[in-house]
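J.: my questions concern the predicted model and sequence given below.
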Amino acid sequence: EEEVITKPVEEEPAPAPKAKAAPVATPAKTSSDFWSRTRFGGNFGAGFAGGNTFINVSPRMFYTATEKWWVGTGFTFIYSKQSGVPPPFDESFVYGLNLFTTYQIFGPLFVQAEYEPLSFEQISVNNHTGEYCADRVWVHGLFLGGGISQSIGGRGAFFASVLYNVTWTSGTESYYGSPW
């Protein structure tokens, strides 16, 4: 009979535990710096009297470049209908863009500059025939002035300003009846 001799098996040392990676801190999700500094607003106006209609929709977007300096853009759409003017000249559609910058001088007071090209139908009457005619024109305005702002909540504000159109000319070359 054969004798089986067994040798004790040397055990291999257990592998060292693998080091666990330290948890990586992930930054909290936040909106980009651009959008956190961007604000929206604008103007809306409407008037109805004596058969006349006036509607102004002018949304704006502005960016707070610094705590005191804002830059922005927007567009303007104005619809008006006048009584006493024969169709199709009784209705007008005005549209355009604007680019502006505002700087807060101190407290709520600010200065502002704004460039505004507007397109509108310039209506004229032929002195010999009495007929109306309309030509669509672009008029460029440069407004300078200032105003006051009042904060409303954390991200809102109310602005009141007085601007003077330094490129205004009297007559039919301007959409506005006055430089103010």
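T.: Structure received. These numbers were taken from a predicted model, which means no experiment stands behind them.
J.: okay, CA-based contacts and neighbour counts for the rest of this
T.: OK.
J.: which elements pack onto the longest strand along the chain?
T.: In the chain, with assignment by DSSP state E, the single longest strand is strand 132-152. Contact here means 3 or more C-alpha pairs under 8 Å, 6 or more residues apart in numbering; DSSP states H and E; on that basis strand 132-152 packs against strand 109-125, strand 156-165.
J.: quick check: angle from the last one to strand 109-125?
T.: What it means is strand 156-165. Put simply, strand 156-165 runs at 50 degrees to strand 109-125, going by axes from the mean of the first three to the mean of the last three C-alpha atoms, to 10 degrees.
J.: for strand 156-165, give the mean pLDDT please.
T.: Computed over strand 156-165, the mean pLDDT rounds to 89.
J.: now stretch 169-178, how far from the chain's geometric center?
T.: Offset of stretch 169-178 from its chain centre (C-alpha atoms, centre = their mean, to the nearest Å): 26 Å.
J.: tell me where the chain has strands.
T.: Using DSSP E, strands in the chain cover 38-49, 52-64, 69-81, 91-106, 109-125, 132-152, 156-165.
J.: can you redo those strands as TSV with mean neighbour count and distance to Tyr175?
T.: Listed next are the strands of the chain as TSV, based on neighbours: other C-alpha atoms under 10 Å; distance: least, C-alpha to C-alpha, whole Å:
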stretch	mean neighbour count	distance to Tyr175
strand 38-49	12	17
strand 52-64	17	14
strand 69-81	18	11
strand 91-106	17	9
strand 109-125	17	7
strand 132-152	15	7
strand 156-165	14	11
